[in-house]
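Enquirer: The sequence and its predicted three-dimensional model are supplied below.
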Amino acid sequence: MEKLVNAYNPVAAANVMCRNTISIGWDGYLYDCDFNQMLELKVNTNSKHILNFNLNELNNRDIIVGQHCYGCTAGSGSSCGGSTT
């Protein structure tokens with residue numbers, strides 16, 4: 001964790017997937033990213049399910065963040081091509 005925190009890159013943070021993509025669970029619930037989905041952290045809107053999809057709400061939501069977000073904001077960022085060095 002310390003290595004990820006020390007490798008934080010604000011440029012990578014500006015391009016993380018949660019800023020323009022959502023994840024949809026098998027049950028239709030919406031998440032800011034795959035990591036939040038695994039942690040069961042649904043989007044921070046009234047439109048938590050695909051049946052209540054509201055693009056305006058999703059575009060203006062506060063993204064749920066936590067320590068796991070350092071994995072996407074370290075070095076060159078995530079997407080299987082990132083680096084912490």
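Expert: Good, I have the coordinates.
Enquirer: Where does pLDDT dip in this structure?
Expert: Within the chain, the stretches with pLDDT under 70 are 78-85.
Enquirer: try 90 this time
Expert: Applying pLDDT under 90 to the chain flags the ranges 1, 4-5, 7-17, 19-21, 70-85.
Enquirer: what's the burial count for Phe35?
Expert: Residues lying near Phe35 (other Cβ atoms under 10 Å) number 19. Every residue, glycine included, has its C-beta placed from N, CA and C.
Enquirer: Could you pull out the strands in the chain for me?
Expert: 23-24, 30-31 (DSSP state E).
Enquirer: strands paired with the first one, and their directions?
Expert: Taking DSSP bridges as the criterion, strand 23-24 pairs within the sheet with strand 30-31 (antiparallel).
Enquirer: Residues contacting the partner strand, please?
Expert: Contact with strand 30-31 is made by 22-25, 37, 41-43, 45, 47-50, 53, 58, as judged by Cβ atoms under 8 Å, 6 or more residues apart in numbering.
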